[in-house]
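A.B. asks: whatever this is, show me its structure:
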Amino acid sequence: MLTIFMYGAMVVVIWFGAYLVDDKLLTVGSITSYLFYCIQILVNFSIFTSLIATLMQVSGAATKIIEYIDHRPLIISRGGLKPD
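C.D. replies: This is a model prediction of the structure:
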């Protein structure tokens with residue numbers, strides 16, 4: 001969903017930029033540099049959100065591991081025969 005929004009925003013910026021270039025209010029280079037800046041910010045934002053998602057997975061896995069370590073078995077296996 002975020003990708004669709006990102007590409008949609010880029011299309012709007014290019015369309016509006018082309019309109020401004022046609023009216024001689026903006027240059028093609030300034031639109032290009034603006035898009036590159038936007039892409040750099042969005043890539044970093046995507047990496048950050050991926051990091052947050054990974055941290056949430058790690059937190060859930062750590063909780064599950066702690067549950068397994070703290071688990072007490074229902075059947076106690078003490079005593080019995082010992083080998084000679």
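A.B. asks: hey, let's count contacts and neighbours off CA atoms from now on
C.D. replies: Will do.
A.B. asks: what's around Ala62, how many residues?
C.D. replies: Applying other C-alpha atoms under 10 Å, we find 12 residues neighbouring Ala62.
A.B. asks: and the strand or helix carrying it, what does it pack against?
C.D. replies: Using DSSP states H and E, Ala62 maps to helix 28-70. If contacts are counted by 3 or more C-alpha pairs under 8 Å, 6 or more residues apart in numbering; DSSP states H and E, helix 28-70 sits against helix 2-22.
A.B. asks: against which helices or strands is the helix it packs on packed?
C.D. replies: The contact analysis (3+ C-alpha pairs under 8 Å, 6+ apart) places helix 2-22 against helix 28-70.
A.B. asks: any idea whether Ser77 is helix, strand or coil?
C.D. replies: Each residue gets one of three states, and Ser77 gets coil by DSSP: H, G, I helix; E, B strand; the rest coil.
A.B. asks: just the angle between the helix holding Ala62 and helix 2-22, please?
C.D. replies: 170 degrees (axes from the mean of the first three to the mean of the last three C-alpha atoms, to 10 degrees).
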